[in-house]
Structures are given as structure tokens and as C-alpha cells.
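Colleague: what's the 3D shape of this:
(chains A and B)
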2 protein chains.
Amino acid sequence: MALQASGNRNIQILLARRPQGRPQIEDFSVVESPIPEPGDEQVLVQALYLSLDPYMRGRMNDTKSYVPPVQIGEVMGGGVVGRVIKSADPKVPAGTMVEGLLGWQSHAVEKASRLRIVDPRLAPVSTALGVLGMPGITAYFGLLDICQPKAGETVVVSAASGAVGGVVGQIAKIRGCRTVGIVGSDAKAEYIVDDLGYDAAINHRTTPNIKGAIAAACPDGVDVYFDNVGGPITDAVVECLALHARVSLCGQISQYNNEKVELGPRNLWRLITTRSRMEGFIVFDFRDRYPEALKALAGWVSAGRIRYREDIVRGIENAPRAFLGLLEGENFGKRLIQIADDSQLPGAPS
Amino acid sequence: MALQASGNRNIQILLARRPQGRPQIEDFSVVESPIPEPGDEQVLVQALYLSLDPYMRGRMNDTKSYVPPVQIGEVMGGGVVGRVIKSADPKVPAGTMVEGLLGWQSHAVEKASRLRIVDPRLAPVSTALGVLGMPGITAYFGLLDICQPKAGETVVVSAASGAVGGVVGQIAKIRGCRTVGIVGSDAKAEYIVDDLGYDAAINHRTTPNIKGAIAAACPDGVDVYFDNVGGPITDAVVECLALHARVSLCGQISQYNNEKVELGPRNLWRLITTRSRMEGFIVFDFRDRYPEALKALAGWVSAGRIRYREDIVRGIENAPRAFLGLLEGENFGKRLIQIADDSQLPGAPS
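Modeller: From the prediction side, this is the model:
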């Protein structure tokens, strides 16, 4: 089946209204518009894959954060890999595969200089949105720079089978750490141990005493915690911190749909007795060092030392539903929307 | 009036029972015992001043912390300045003024090597328990090492008139920072501005909107927060953090009397959006660098750049009541128990 977006109209997903709590399908709208023409120094990109990421939930709110909110009626923002199909910049000619923040739409014009050129011979181009893109880079700096893990230390990762968490655990193993992953299903638990090399997995949905399970899996305490989820899972890990532990705050997905701030135990005293550190970070702050991370990640992927799993939903019209599922943890690996088949594009390699 | 402890018995304050929540006078007992004799390499110290510090509340609980709990029937632990009145170690002869962890008692024997010699010509000896002792050293490392304040940054301090907080604010000023102190009375607010040089003070007991007051006092946000109290004050400061803020967790006095863990807002997301860091520390971990801190502090004190205030209660039998008051913030400056008048001791300088 040819995907709908291979046609000659631009299909866009807009923010239709601001969600109250958990987003609904009705918070989005699908519109068609003419395919735009590239202006000076711009290129027109046909999207192949759209990345769906938890941070997008924050952008749907009308609150100040590290990026401005999406406005009502605007195209939802997001990372895209696609092929340049028209170019007004000779440095990025038609046919070039690129990655950029092009939003939830089948076609987009963008300044060529704001796009990263992706080499399709290196790895499947979809990885430019995953292990060789923002999630992989997030794992790299959030673990290595923020937490400074040392060989022999115990590293706990929440959302451990996800686009970021899966990479965190494997980098930690490469650095000689012991790894414990927290996941939301038995299949994910099996996957992170069997495929990603985690030393132990905890399914938080079936474990009544999560703190006890962490303590049992980490007999010497938790030296490093890479947090993607927040909430009760993070509370439990904090209770198990070892002396001089480092906590990297990457995401708090358990909190994103809350209509008001949730209450949790005041546990800062635990940071004092263990002399531990918690630090929030945003991957964009490391942008000057992306090449370093990408080089390391590409080397590990091609050497088979980092594996990844993609969870691909076909059709841009399915992006809203796939995003709602992502917020509930229904994805298994990096969730992507496939917007078009590259083989059907004009000028595709035969 | 000669103090009771100048007699020839050892007066000791014991932990009589473990407090439930807020400690009671009945949780302590006062006993008399013979004055002990120093053994090999030991000295007998007549206590002059006992330090009362919030951390002592934690030691009354039977829970694992960074120091073992005081056992029922044991002498309460604590820092003391006193004069050696008998010595079995020629390096620390009778007459020497010393500081050490000698507990809530009028006399104690201790290994001479575990005592710090105090020079009474440098400053009043009581300062060895305050600005030139553990609280001052805590302020020094907790601010300078943990928070790395830079000139022009805004530093907020809770319990800002206390033994630690008063020094933190003054070191921050020396480093060229803007300082905002949070205190529990108008007199303390006036004191920290007029005497300690804070740029602004907030009385949390009379300020209905503490977050609004902090935001107003810190228009560019809070770059550094030195936390002695935890609880709602800390929640409010976290809401006002600037980008790349550093939070030094020194104490959580608002929580120490809780019988169970209190609930507060889950605010880790705020650390992510601001890329901020929270770090707990214990001054003992810096013990190898105490001389560096003491040298700097003594220089600032003698140059009049650091001022201090002592809150002295006379009589060791009043230590329990004075300690309960400390936990409620009734002290104004560094709370000490004066156990004996140095001028009345045998061998005192005339």
C-alpha cells in the first residue's frame, strides 16, 4: 500500500486545542494544504519518518518551558527525516537525505543550513531520529557527562527499553557498569536483558514493592540513576541511592498529563545523607558537541555494541493516536511515524 | 553566679528515650557521675561551651544516617570547647584550650589526638563552635565547593541568620554575589540586612506568598540556593531557579520532627527546564581541607568582613530546653550552652 502522503498535497497535523490532562484525539486536527515552494537558501523536504517523543506533550501546554509552546492551529513540532525534493541551495541538492525539526507534516520547506545531512549508507535513515539522533545523543551526554559513571558502578535506568533508556543501558555496559532497567511489561523486561545486555530488569507494573525490588537488584545501592519517568519509580530509586550517587533528570513522563502538580514524599534528606546529586539537563545545551556523540554512537552501532529497536506506525494521519499511546508506554522501542516510502519518491535510488 | 558545672562531679545529659515527632524535655535525663581520669594518651577536658546544632535531632532517632544514632542512656553527642585540666599526653598539656566531639557533659576524657587546639588569642574560644568551627566550615564548603557562586549571581539562603546561614551570606557577598536571606522574624530580617550585609530579607512567618516574595527579590531568578530548612520554603525557591542554578542541600530542619515523611509537590521537572543541580553534602567529607576553610574564615573575621552573633544559654542543665527551642527557630545566631566560666577554672589565666 502506498502511503497517503506520497500524493501532491501537504498533509499536516495541527494542535487543535490545548489538552486538559491526558491528550485526546480531538486535540489534534489533520489538514491538507498546497505543497510549499522553497525560497532563497531553502529546500523542500518530503518527510519519510516523523519522530514521536515524550517532550512533545510539554509543548502542547501554554506554559513556559525550555522551548516555546506550539500555538493553537500551528503544525505540531517534531524531528523528521526526509529527502530533499526541490532545492534553492546548491550545497544540499535534490535527492539529499536530511534530518531536521520539520514538524508533523508530509512536506516542509526549511533553510538548508538548518538541516543535518544523513548518509543512508551508514545506517537506516530512520536511526537519525533514534540511536543516531536526538535520543541517542541524549543518552550519551545525560549518562556520560551528567553522571560520570565509573566501571563497577550500578546504573539504574527508568523507561529502560525506550529510545533513550535503551541506549543509556548499553553505554553503561560499555563503560563497565552493572545495569538495572525499569520497564512496563514482561516483554520489555526480557528484551532489555536478552537483547540490550542489561544485568537485571524490573517490571514496575507487576512489582508490588518497587523499592524492595530495586534494593534486591542493587545490593550495593544505586550509584547512577538515569531518570526518564519521575513519580513513584523515582521516589523508590532515591531511597536506594548509594553514597555520592548521581541522578540525571532527563524526563518525567509520569507527570506530563497531570492537570496539577502531584504530591510525593519530601526526600531531599536522602540526598544529604548519601551526599548525592540530582541534575536536570536538556540535550540542546550540548549541541556544539553533537559530532562527538554521533561519532561514538555510530561506531558502537556498527560494531554491534549498541542495538536498537524501532516501533514504526505507518501513516501521518495515525500520528496523534500513536503519540497518545507513547504517553501510556504502549510503544516498544523508538516510536516513529512512517510518512512515505522512500522507494516511491520522485528521484529515489532504483 | 558560678555555674553549677564548676563543681567536682561530671554532669551529663543522656538520651532517656527516643522522641516521637517533636522532642520533649522528658526525652532527656540529667545525671551526675564521678569525673573520669584520663588514660594513656588521653586528656581530661572541662567543658566551657557546648554547641547545639539541628543535626542532633537526627541522631536521636534509631535510623541509619551519616552518623550512628545516640543509644538510649548514652550521653548526647555534640561539639565542645573546653580547657584541658589533666593530661597524659605531653603534646596537649593541662591548660590547653581544645575543641572536640565531647558530648553534652561538663567533663570528658578524650584521646588528645582527636582534639583540635584552639588559640584563645585569635578570637573568643566559643567561635571554635561557630564561625571558626563546624558551622563556618559548613558554610564555606557548602557554598564555595558545592555551588561555585560567581560574582553578580543571586544567592538565596534559608535560615539566613543562623550559625551556618549567616556565614554563607557573608561569603557570598565577599565573592561579589547579591544575597537574599529567608528568616523567621522581623528582628532577624533586620539583623541580616543591617549587620550581615544581605541585600534583602524575607520573613517567611509573615509573608503569605513566599514564592512571590522570592521572585520579587530575585528578578533574574535564583542562581544559587543554600538550603538549611527544606519543606515549603525550598519548594518556593525551586520555583524561582534561574538557568543552570545550583542548590546546596545542607539541612532540612523543617522535616526533622516529622513522624512520617511529609508530602510536597513533585518539582523535579523544574530542575530539567532550568538545567539545575541539587546536591547534598556533609561537612565531614571535607575534613582534609578544614585548615583551608579555617584560614580563610579567620582572615575574614579578623578583617571584619565576617560578623557573627552568639545566642548563649547558661548552664548545662538547660541544654535540653535550649535544644528544643533551636528546633523551633527561637535562637538568634549560633546557639551555645555555656557550661563553665573559664575564669573560675583551676589553672585559669589570671
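
Colleague: where along the stretch 51-200 of chain A do the strands fall?
Modeller: Assignment of strands within the stretch 51-200 of chain A using DSSP state E, counting those that start in this stretch yields the ranges A:80-87, A:97-100, A:107-111, A:116-117, A:154-158, A:178-183, A:200-203.

Colleague: tell me the backbone dihedrals of the residue in the stretch 101-250 of chain A positioned nearest to chain B, please.
Modeller: At 5.1 Å from chain B, A:Leu249 is the closest residue in the stretch 101-250 of chain A, using C-beta to the nearest C-beta. For every residue, glycine as well, the C-beta is placed using N, CA and C. The phi/psi pair for A:Leu249 (degrees, to the nearest 10) reads phi -90, psi 110.

Colleague: so it touches B:Thr274, yeah?
Modeller: No: A:Leu249 is beyond contact range of B:Thr274, at 10.6 Å (criterion: C-beta atoms under 8 Å).

Colleague: what helix or strand is A:Ile312 located in?
Modeller: strand A:310-314 (DSSP states H and E).

Colleague: neighbouring strands - and their directions - for that strand?
Modeller: Counting by DSSP bridges, the strands paired with strand A:310-314 are strand A:334-338 (parallel).

Colleague: and the closest residue to A:Phe284 other than its chain neighbours, how close does it get to B:Trp269?
Modeller: Once flanking residues are discounted, A:Phe284 sits nearest to A:Tyr66: 7.4 Å by C-beta to C-beta, 6 or more residues apart in numbering or on different chains. Distance, A:Tyr66 to B:Trp269, using C-beta to C-beta, to the nearest Å: 11 Å.

Colleague: neighbour count winner among the two?
Modeller: Between A:Tyr66 and B:Trp269, counting by other C-beta atoms under 10 Å in any protein chain shown, B:Trp269 is the more crowded of the two (19 against 16).

Colleague: could you look up the SS state of that one?
Modeller: Following DSSP: H, G, I helix; E, B strand; the rest coil, the label given to B:Trp269 is helix.

Colleague: contacting residues around it?
Modeller: Contacts for B:Trp269 (C-beta atoms under 8 Å, 6 or more residues apart in numbering or on different chains) come out as A:230, A:252, A:255.

Colleague: how about those in TSV, adding neighbour count and pLDDT?
Modeller: Output for those, formatted as TSV (neighbours: other C-beta atoms under 10 Å in any protein chain shown; pLDDT from 0 to 100):
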residue	neighbour count	pLDDT
A:Gly230	24	97
A:Gln252	25	95
A:Gln255	19	92
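
Colleague: now, which of the residues you listed lie close to chain B?
Modeller: Residues of those in contact with chain B (C-beta under 8 Å from any C-beta of the partner chain): A:230, A:252, A:255.

Colleague: which one is A:Lys211 nearest to, not counting chain neighbours?
Modeller: A:Ala236 (4.0 Å).

Colleague: what about the residue nearest to A:Asn203 when sequence neighbours are not counted, neighbour count?
Modeller: Nearest residue to A:Asn203 in three dimensions, chain neighbours excluded: A:Ala189, at 4.9 Å (C-beta to C-beta, 6+ apart). When neighbours are defined as other C-beta under 10 Å, A:Ala189 has 23 of them.

Colleague: would you confirm that A:Ala189 contacts A:His204?
Modeller: No: proximity of A:Ala189 to A:His204 does not meet the contact threshold set by C-beta under 8 Å, at 9.8 Å.

Colleague: relative to chain B, how far out is the residue nearest to A:Arg116 when sequence neighbours are not counted?
Modeller: Once flanking residues are discounted, A:Arg116 sits nearest to A:Glu99: 4.7 Å by C-beta to C-beta, 6+ apart. Using C-beta to the nearest C-beta, to the nearest Å, we find A:Glu99 at a distance of 24 Å from chain B.

Colleague: same question for A:Thr96.
Modeller: In terms of C-beta to the nearest C-beta, A:Thr96 sits 33 Å off from chain B.

Colleague: which parts of chain A sit against chain B?
Modeller: A:65-66, A:227, A:230-231, A:234, A:249-252, A:255, A:261-282, A:285.

Colleague: any regions of chain A where pLDDT drops low?
Modeller: A:1-7, A:345-350 (pLDDT under 70).
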